[in-house]
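A.B. asks: my questions are about this predicted structure, shown below with the sequence.
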Amino acid sequence: MALMGPANGAWLRHHTGKSRDSRKEIMPDQNAKPEWRMGGITVPEVEDYLYSMLPARDQVLQEMETEAAKHDIAIVGPAVARVLYQLAVISKAQTVFEMGSAIGYSTIWWARAVGENGRVIYTDGDPKRADKARRYFERAGVSKQIVVRVGDALEILSEQKDSFDIIFNDVDKTDYPRVPRLALPCVKKGGLFITDNVLWKGQLRKPNPDEHTKAILEFNRLIYESKDMFTTILPIRDGVAVCVKK
């Protein structure tokens with residue numbers, strides 16, 4: 001099976017076809033370890049190796065990574081973004097609803113994965129962040145595929161009449177336990193419900209968990225116990241849960 005269509009395939013070949021030396025010249029300083037890398041899940045040496053091997057991103061994505069590191073903006077980072085891209089391409093997704101999009105870093109990866117005929121719904125509660133995301137979308141050449149919605153992601157999802165190939169959950173962590181009940185009816189059969197930060201900096205087994213940790217523990221219990229989903233947690237970056245709707 002071909003993993004990508006002509007448009008997104010050309011983009012990926014273009015941005016991964018460089019030599020290792022040329023990648024190093026334009027990639028951000030890996031020793032800086034920006035906050036979005038997080039850590040605490042895998043062995044540090046393995047984590048460093050993983051990020052050192054990543055091909056260079058284009059100028060727009062690199063600028064977003066730099067901005068996120070400088071201003072402590074939550075993004076999934078390139079390692080997880082590549083997983084999201086692969087899952088969308090493998091599943092031939094055409095529609096993605098993103099719950100919690102910030103400056104739109106992962107939104108761009110989703111849009112490139114679904115291609116020119118696909119549709120991605122961006123959601124964020126901050127109008128300024130949404131405006132910034134729009135400018136990035138224009139520069140990245142994906143604005144036509146993206147619908148920008150400003151407001152509470154859970155409320156916006158509850159208003160949707162259509163179902164989606166993928167729903168990506170990255171809202172406030174205390175809201176996580178509410179999300180499966182709202183999101184699952186909106187995922188097509190065989191579609192994906194994907195969630196970031198489910199291993200929460202390795203804090204899940206420590207005593208006296210705070211409210212964020214308790215919410216993630218409850219969320220993980222719900223998705224693994226659900227009879228309507230098949231769930232796997234990938235221990236990459238801060239943990240990514242991939243659920244397939246039965």
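C.D. replies: Yes, it's here.

A.B. asks: contacts only, for residue 186.
C.D. replies: Residues near residue 186 by C-beta atoms under 8 Å, 6 or more residues apart in numbering: 97, 157, 160, 162, 163, 164, 167. Where C-beta positions appear, they are placed from N, C-alpha and C, glycine not excepted.

A.B. asks: relative to residue 180, how far out is it?
C.D. replies: Remark: distance between residue 186 and residue 180 (C-beta to C-beta, to the nearest Å) = 11 Å.

A.B. asks: can you get me a residue count around residue 84?
C.D. replies: Residue 84 has 23 neighbouring residues, counting by other C-beta atoms under 10 Å.

A.B. asks: excluding its backbone neighbours, what's nearest it?
C.D. replies: residue 109 (5.6 Å; C-beta to C-beta, 6 or more residues apart in numbering).

A.B. asks: would you agree the one you found is in contact with residue 85?
C.D. replies: Yes. With contact defined as C-beta atoms under 8 Å, residue 109 counts as touching residue 85 (5.0 Å).

A.B. asks: what sits up against the longest strand along the chain?
C.D. replies: Of all segments of type strand in the chain, defined using DSSP state E, the longest is strand 187-196. With contact meaning C-beta under 8 Å, 6+ apart, strand 187-196 is reached by 76, 80, 84, 87, 91, 93, 163-170, 176, 179-180, 183-184, 219, 223, 229, 238-246.

A.B. asks: local confidence estimate at residue 2?
C.D. replies: With respect to pLDDT, residue 2 has a value of 35.

A.B. asks: now do the SS call for the residue nearest in space to the middle of the chain.
C.D. replies: The centroid of the chain falls nearest to residue 106 when counting by C-alpha atoms, centre = their mean (4.7 Å). Here residue 106 is helix, with the state taken from DSSP: H, G, I helix; E, B strand; the rest coil.

A.B. asks: mind listing what it touches?
C.D. replies: 75, 76, 80, 81, 84, 98, 168, 170.

A.B. asks: switch to 6 Å and redo it
C.D. replies: When contacts are counted by C-beta atoms under 6 Å, 6 or more residues apart in numbering, residue 106 touches 76, 81.

A.B. asks: distance of it from residue 46?
C.D. replies: 23 Å.

A.B. asks: pull up the distance across stretch 144-156, start to finish.
C.D. replies: Terminal residues of stretch 144-156 are spaced 20 Å apart (C-alpha to C-alpha, to the nearest Å).

A.B. asks: all set now, cheers.
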